[in-house]
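K.L.:
what would the 3D arrangement of this be:
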Amino acid sequence: MLSTIVFAAALSSASPAPDVMTSAVESAPKPVRGKVLLDEFARSLTIEIESASANPVELGYAELTGGVWEQTPIPGSTVEPGDVVSYRNGVDNQYDALGGMIRLLLPFGDSILIEFEWGFGSDASCTANGTNLQAVTVSSELEYTMSANPVCTITILNGPGGD
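P.N.:
All right, here's what the predicted structure looks like:
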């Protein structure tokens, strides 16, 4: 037993050869970059959806053509009447393009397609167009366009056939 302890102490005090240390450091796992934090985007575009209609609005899908989501939109989630939800798309490098689309589903088979993009050297754009809108109207407004973080506000209101 004593010889085992002496042998273990001898092993722990011996330093490994320099070439073993170098290869061990090189082969060690590297940290993986996680989700970009709010203040780390070089440029971003926030899509803010405001529901002022009498019915909930469901997120059908969200898809990016560039950049990453700060928080990934979840299909099937809802925007209840009176609520506001925000989705932020950003890029780490100011020269990269960002953009994508979000499809919102309404109770009577209506849908709203939000499309947004912002390439380097161009203006940010954001539109919202409805398909078969019967009970609501939709509008979009792009704000803070002179900043690196504009906001596109999508407003859904009761329409002529709404409650």
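
K.L.:
enumerate every residue touching the residue lying closest to residue 59 once chain neighbours are set aside.
P.N.:
With sequence-adjacent residues excluded and distances taken as Cβ to Cβ, 6 or more residues apart in numbering, residue 59 is closest to residue 77, at 5.0 Å. Every C-beta, even on glycine, is put in place using the N, C-alpha and C of the backbone. Shown in contact with residue 77 (Cβ atoms under 8 Å, 6 or more residues apart in numbering): 58-59, 85.

K.L.:
any chance of JSON lines for the residues you listed, columns distance to residue 131, neighbour count and secondary structure?
P.N.:
Converted to JSON lines, the contacts of residue 77 look like this (distance: Cβ to Cβ, whole Å; neighbours: other Cβ atoms under 10 Å; DSSP: H, G, I helix; E, B strand; the rest coil):
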{"residue": "58", "distance to residue 131": "14", "neighbour count": "16", "secondary structure": "strand"}
{"residue": "59", "distance to residue 131": "16", "neighbour count": "19", "secondary structure": "strand"}
{"residue": "85", "distance to residue 131": "21", "neighbour count": "18", "secondary structure": "strand"}
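
K.L.:
for those residues, which one is nearest residue 111?
P.N.:
residue 58 (9.5 Å; Cβ to Cβ).
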